[in-house]
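**Q** Just to be clear, the model below is a prediction. Sequence and coordinates:
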Amino acid sequence: MKSYLFCAAAAAALTVGASQASAQLLFGYENGETGMPYVGNPGLYTVTTSNVGVTQGVQSLQASTPVPAFGGPQSAQFTDAVRAALINGSPAVQIDMTVPNIPFGFGNIDLSFFQTGIRPGFDADETGFSGTFAASSGQTITLTIPLTNTQFGSPHITLNPALPWAYQIDLSFNSAANGPFVFQFDNLRAIPEPGAIAGCATVGGLMLRRRRKSN
């Protein structure tokens, strides 16, 4: 019965809010949050907080660069087993992004994770690029970034929950416009494993059939 109630609640949450409602918040970029302060990487990027592009809480993370470049905000190093476990168990993450109102040639983002030995011989691993944001000038959009099939061939971003780690929002874009180019990010979320929802559907179906037989 507990499993049935849990699955019913999960199904209701999915119906009401789709993936955003069921996703687990990782970082909201609020004052005092784990991972603060964020820095620009490379030094060409200036990182601050902003009240623009806020989709949750009172502030967003803002990254500004004078010219098109590859880089972006990197968190401070921290140890957080709960967030590490959420990342390890998720097929993808979502992030809300406010795109400057300028024309782009191309533009996308991914995430780099830094931790000792995260892949053999290296201290960093990087996700595949998300879908382009170049067609969304002047809008706040939600991008999905897969944590599987990384750019270096790892089957999944996998953090050791017992060791310190950091992550970086990597932007890659070009534009014929003049800078500065200013982006905001908010509400980084872990998407739940689809198997958990499928399991709930199976349990719910079995419970429904049992009730019908008993009537």
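**A** That came through fine. Everything numeric in this text was worked out from a predicted model, so none of it was measured.
**Q** just checking, next helix/strand downstream of the longest strand along the chain?
**A** Assignment by DSSP state E gives strand 106-119 as the longest strand of the chain. Towards the C-terminus, the helix or strand next in line after strand 106-119, according to DSSP states H and E, is strand 122-126.
**Q** Go through stretch 113-123 and flag the buried ones.
**A** Of the residues in stretch 113-123, those buried under the neighbour-count criterion (16 or more other Cβ atoms under 10 Å) are 113-115, 118-119. Placement of C-beta: from N, CA and C, glycine included.
**Q** which residues are contacting it?
**A** In this structure, residues lying in contact with stretch 113-123 by Cβ atoms under 8 Å, 6 or more residues apart in numbering are 74, 77, 87, 124-126, 152, 154, 157-160, 163-168.
**Q** residue ranges for the strands of the chain, please.
**A** Listed in chain order, the strands of the chain (DSSP E) span residues 24-27, 39-41, 46-50, 60-65, 72-74, 92-98, 106-119, 122-126, 140-146, 166-174, 181-190.
**Q** If you count contacts, what does the third one end up packed against?
**A** So that's strand 46-50. In terms of contacts (3 or more Cβ pairs under 8 Å, 6 or more residues apart in numbering; DSSP states H and E), strand 46-50 is packed against strand 39-41, strand 60-65.
**Q** which other helices and strands contact the last one?
**A** Put plainly, it is strand 60-65. In terms of contacts (3+ Cβ pairs under 8 Å, 6+ apart), strand 60-65 is packed against strand 46-50, strand 72-74, strand 166-174, strand 181-190.
**Q** The same query, at a cut-off of 6 Å, please.
**A** Helices and strands touching strand 60-65, as assessed by 3 or more Cβ pairs under 6 Å, 6 or more residues apart in numbering; DSSP states H and E, comprise strand 46-50, strand 72-74, strand 181-190.
**Q** In terms of secondary structure, what does the second one contact?
**A** Helices and strands in packing contact with strand 72-74 are listed as strand 60-65, strand 166-174; criterion 3+ Cβ pairs under 6 Å, 6+ apart.
**Q** How far off centre is it?
**A** Put simply, strand 72-74 sits 13 Å off its chain's centre (Cα atoms, centre = their mean, to the nearest Å).
**Q** again, but for stretch 35-51
**A** What separates the centre of stretch 35-51 from the centre of its chain is 17 Å, taken as Cα atoms, centre = their mean.
**Q** pLDDT (mean, whole number) over it?
**A** Mean per-residue pLDDT for stretch 35-51: 93.
**Q** Over to stretch 66-73?
**A** So the average pLDDT for stretch 66-73 ends up being 93.
**Q** Just the buried positions in that stretch, please.
**A** Using 16+ other Cβ under 10 Å as the test for burial, stretch 66-73 gives 68-69, 71-73.
**Q** Compute the number of surrounding residues for the closest residue in space to Gly35 that isn't next to it in sequence.
**A** Closest residue to Gly35 apart from its sequence neighbours, by Cβ to Cβ, 6 or more residues apart in numbering: Ser75 at 3.7 Å. Around Ser75 there are 22 other residues, counting by other Cβ atoms under 10 Å.
**Q** Ok, Ser175 next?
**A** When counting by other Cβ under 10 Å, one arrives at 18 neighbours for Ser175.
**Q** Then Ala134?
**A** 16.
**Q** ditto for Gly32
**A** Neighbour count for Gly32, taken as other Cβ under 10 Å: 5.
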